[in-house]
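Visitor: Okay, structure incoming, though there's no sequence with it:
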């Protein structure tokens with residue numbers, strides 16, 4: 001189980017760095033992913049879901065300004 005968590009953290013760090021997003025958002029994405037049980041999906045499917053969540057949050061932030 002620890003190995004899976006390590007892989008998740010590495011993937012989130014990569015997505016965070018590629019998209020220049022804060023750690024707090026990365027933490028929120030992780031909790032959301034766990035809530036919706038993404039652990040049964042492949043790494044590429046999780047990455048796509050994370051990117052969709054990032055885009056969703058960015059649209060909300062831009063709408064708030």
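Guide: Received, thanks. Just so we're clear, the structure is a prediction, and the values are computed from it rather than from any experiment. Numbers count the residues shown, from 1 in each chain.

Visitor: downstream neighbour of the helix or strand bottoming out on mean pLDDT in the chain in the secondary structure list?
Guide: Ranked by mean pLDDT, DSSP states H and E, the weakest helix or strand in the chain is helix 23-35, scoring a mean of 75. Using DSSP states H and E, the helix or strand that follows helix 23-35 towards the C-terminus is helix 43-64.

Visitor: Any chance you could list what contacts stretch 20-32?
Guide: Contact with stretch 20-32 is made by 8, 12-13, 15-16, 50, 53-54, 57, as judged by CB atoms under 8 Å, 6 or more residues apart in numbering. The way it works is simple: take the backbone N, C-alpha and C, and place the C-beta from them, glycine included.

Visitor: Let's see that with 10 Å instead.
Guide: Counting by CB atoms under 10 Å, 6 or more residues apart in numbering, stretch 20-32 makes contact with 5, 8-9, 11-13, 15-17, 19, 38, 46, 49-51, 53-54, 57-58, 61, all of which sit outside it.

Visitor: In it, which residues are buried?
Guide: Along stretch 20-32, these residues count as buried under the neighbour rule (16 or more other CB atoms under 10 Å): 21, 25-26, 29-30.
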